[in-house]
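1. Sequence and predicted structure, then a few things I'm wondering about:
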Amino acid sequence: MDFLQLAGKSILVFGVANRKSLAFHVGRLVEEVGGRVVHVVRSEQRRASVAKILTPGADIHVCDVEREEEIARLAEELARRPERFHGLLHSIAFADYGDGMRPFHETPKAAFLRAVDISCFSLVALSGALKELLDPDASVVTVSISTTRMASENYGFMAPVKAALESSLVFLAKSFAATSRVRFNAVAPGLLKTSASAGIPGYVDSYLYAEQATLRKRAVQTEEAAAVAAFLLSPRSSGINAQTIVVDAGMSVNYFDRDLVRRAMRDE
């Protein structure tokens, strides 16, 4: 039984980098239920590496979202296809921590604006460029984080960027509502074990703490967040629009867990 009702539907997936990528797991789920996936990656080198882990003959396009001309070229390429897209997954984020973590007030302007461009504005740019290629009832899903209100020092300046992303999806939902029924939502996982997160200084310690803060004492798995994203992409979530769905295994209600408090006080 095709509960998700994605069989035969075409889904655009942006952001696969490797097998640990949330986008990889979402694409696999869509294919498992009979959907068609068109992948978009940021470079020819990435296309070559990703082709080795995707279904043989996978349809992979290249688009560096920092370049307006590449977004326009992608739109032209996809417009030649006979079908319209029933879903779009935006799993794109980047922050340059090459100079190490700094106090937030020392954030370099260029690094912050580039992170906003790639991680946030790309959703606006792609949605606008591909608007006519989306089915009237299409679903657009982006990837945020479980909370943008927790001032995690080792996440640098990305939480404010994700906050801008969450606000942008609300405005996109309203803007598109004038002429279509296209929906915009976000899946917001707790800390995940991905290749991208491994490059964040101090992330491992935060990941291990977050795992203990969950109600089940086991970290959120990438596959769990991917399942929520696949649901949001599907017609089954038709009543959900302009929302951010948190997937954190209860972490946000458990910061004062008895064992965590006891350990913290003992360390003192």
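-> Noted; the coordinates are in hand. Numbers count the residues shown, from 1 in each chain.

2. Of all the residues in the lowest-mean-pLDDT helix or strand in the chain, which ones are buried?
-> Within the chain, no helix or strand scores below helix 195-198, which has a mean of 70 by mean pLDDT, DSSP states H and E. Across helix 195-198, burial judged by 16 or more other C-beta atoms under 10 Å covers residue 196. Just so you know, the C-beta spots here come from the backbone N, C-alpha and C atoms, and that holds for glycine as well.

3. What is the subsequent helix or strand relative to that helix?
-> helix 203-213 (DSSP states H and E).

4. which secondary structure elements does that next one contact?
-> helix 195-198, helix 258-267 (3 or more C-beta pairs under 8 Å, 6 or more residues apart in numbering; DSSP states H and E).

5. Counting by contacts, list what the least confident helix or strand of the chain packs against.
-> Here helix 195-198 touches helix 203-213, going by 3+ C-beta pairs under 8 Å, 6+ apart.

6. ok, what's across the strand from residue 187?
-> Beta-bridge pairing of residue 187 under DSSP bridges involves residue 143, residue 245.

7. my guess is it meets residue 245, correct?
-> Yes: Residue 187 sits in contact with residue 245 when judged by C-beta atoms under 8 Å, with a separation of 5.5 Å.

8. Tell me how many other residues crowd the residue lying closest to residue 176 once chain neighbours are set aside.
-> Nearest residue to residue 176 in three dimensions, chain neighbours excluded: residue 182, at 4.5 Å (C-beta to C-beta, 6 or more residues apart in numbering). By other C-beta atoms under 10 Å, the residues close to residue 182 number 22.

9. Quick check: phi and psi at residue 182.
-> phi -60, psi 130 (degrees, to the nearest 10).

10. who touches it in this structure?
-> By C-beta atoms under 8 Å, 6 or more residues apart in numbering, the contact set of residue 182 is 131, 134, 135, 136, 137, 138, 139, 140, 176.

11. Select from those the one having the most neighbours.
-> Busiest of the contacts of residue 182 [other C-beta under 10 Å] is residue 139, holding 29 neighbours.

12. That one should be in a strand, yeah?
-> Yes: counting by DSSP: H, G, I helix; E, B strand; the rest coil, one finds residue 139 located in a strand.

13. So it is in contact with residue 232, correct?
-> Yes: the criterion here is C-beta under 8 Å, and residue 139 meets it with residue 232 at 6.1 Å.

14. what sits in contact with each of these two?
-> residue 185.

15. Quick check: phi and psi at the closest residue to residue 250 other than its chain neighbours.
-> Nearest residue to residue 250, sequence neighbours excluded (C-beta to C-beta, 6+ apart): residue 215, at 3.4 Å. With angles defined as degrees, to the nearest 10, residue 215 sits at phi -70, psi -30.

16. now residue 19
-> Per degrees, to the nearest 10, the backbone of residue 19 is at phi -70, psi -20.

17. for residue 165, same thing?
-> Dihedral angles (degrees, to the nearest 10) for residue 165: phi -60, psi -50.

18. number of nearby residues for residue 186?
-> 25.

19. ok, now which ones touch the residue lying closest to residue 243 once chain neighbours are set aside?
-> Using C-beta to C-beta, 6+ apart and skipping residues adjacent in sequence, the residue nearest residue 243 is residue 185, 5.1 Å away. Residues counted as contacts of residue 185 (C-beta under 8 Å, 6+ apart) are 139-142, 169, 232, 237, 240-245.

20. ok so, going back, report the set of residues contacting both of residue 187 and residue 245.
-> In contact with both residue 187 and residue 245: 228, 232, using C-beta under 8 Å, 6+ apart.

21. Show me which of these two is the more surrounded one.
-> residue 187 (28 against 18).

22. now that one: how far from residue 14?
-> The gap separating residue 187 from residue 14 is 14 Å, by C-beta to C-beta, to the nearest Å.

23. Please apply the same query to residue 33.
-> 20 Å.

24. For the two, work out which one has more neighbours and name it.
-> residue 14 (24 against 17).

25. Without its sequence neighbours, what residue ends up closest to the more buried one?
-> Per C-beta to C-beta, 6+ apart, closest to residue 14 is residue 40, 4.7 Å.
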